[in-house]
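*Asks:* Fold the following and give me the result.
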Amino acid sequence: MKVAVFATCYNDTMWPETPKAVVRLLRRLGCEPVFPPEQTCCGQMFTNTGYAAEALPAVRRFAAAFADCDAVVAPSGSCVGSVRHQHADVAARAGDTALSAAVAELAPRVYELSEFLVDVLGVTDVGAYFPHRVTYHPTCHSLRMLRVGDRPLQLLRAVRGIDLVDLPAADQCCGFGGTFSVKNADVSVSMGADKARNVKDSGAEVLVAGDNSCLAQIGGILSRQRAGIRVMHLAEILATTEGSVS
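*Replies:* Coordinates of the predicted model:
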């Protein structure tokens, strides 16, 4: 099976350790992931703000870059949600029947990391070791658009040494929402402050999520509050072994 890693543009630019962790994890589980260098952005920054025509080149590039892959794995529920739910609409609006066919063929093979591990590889214990108190924030796109359910929690519960604690009001949005946080900054910060308070109330040392954009929102507030709580992507925890724990 040819498995490709879709890093996503914001991970590639700001959090490159996350896609690197995905590669280490997949290799440990017997995959030899490839990284098509033609990949760029999924186009979500355009589609979410109503610029479908501007998203078209990104959708075309994505379809071409991953066309020959059996599975595409991304450490982002947000970006996978865009591929599976928005690419078809972009292609249809453009009247590009060839692209519509390519999207229909590829989109079902694009997976958020926890989906791929649990549903495709059939594993929950990935051999991770992380002796810290952790709480999990289910991001909106993974929770509501992809419906990953408890897959990330299944993976976290199997991590050796972990103390996994519940996050109060876990299903509430962190307030990031891409451009929402720019256009509605006051509301965004208020929502993020509520989430940060719940994280502190959980007693966790580390907040984990499947999208770094949400972690940036919550982590930024926690940092400014000097809360002493780290944020980490799910992939980074799952890639941590006893010899590499920090």
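*Asks:* from here on, contacts and neighbour counts on C-alpha atoms
*Replies:* Noted.
*Asks:* Nearest residue to the middle of this protein?
*Replies:* By Cα atoms, centre = their mean, the chain has its centre lying nearest to S76, at 1.8 Å.
*Asks:* right, and that residue touches L113 too?
*Replies:* Yes - with contacts counted by Cα atoms under 8 Å, S76 reaches L113, the gap being 7.5 Å.
*Asks:* Pull the contacting residues for the residue nearest to the centre of the chain.
*Replies:* Counting by Cα atoms under 8 Å, 6 or more residues apart in numbering, S76 makes contact with 8, 112-113, 210-212.
*Asks:* gap between the residue sitting furthest away from the middle of the chain and A64?
*Replies:* Distance from the C-alpha centroid of the chain, by Cα atoms, centre = their mean, peaks at G95 (29.9 Å). The gap separating G95 from A64 is 18 Å, by Cα to Cα, to the nearest Å.
*Asks:* Likewise for T47?
*Replies:* 19 Å.
*Asks:* now the helices for the protein?
*Replies:* Using DSSP state H, the helices of the chain run over 9-14, 17-28, 44-47, 52-65, 77-85, 87-94, 97-106, 113-115, 140, 151-157, 180-183, 185-202, 212-224, 234-238.
*Asks:* How far off centre is the first one?
*Replies:* Spelled out, that is helix 9-14. Distance of helix 9-14 from its chain centroid, counting by Cα atoms, centre = their mean, to the nearest Å, is 12 Å.
*Asks:* Remind me what that helix packs against, helices and strands.
*Replies:* helix 17-28 (3 or more Cα pairs under 8 Å, 6 or more residues apart in numbering; DSSP states H and E).
*Asks:* Provide the contact partners of the helix it packs on at residue level.
*Replies:* Counting by Cα under 8 Å, 6+ apart, 5-7, 11-12, 32-33, 74-75, 113, 126, 233, 235-236, 238-239 sit against helix 17-28.
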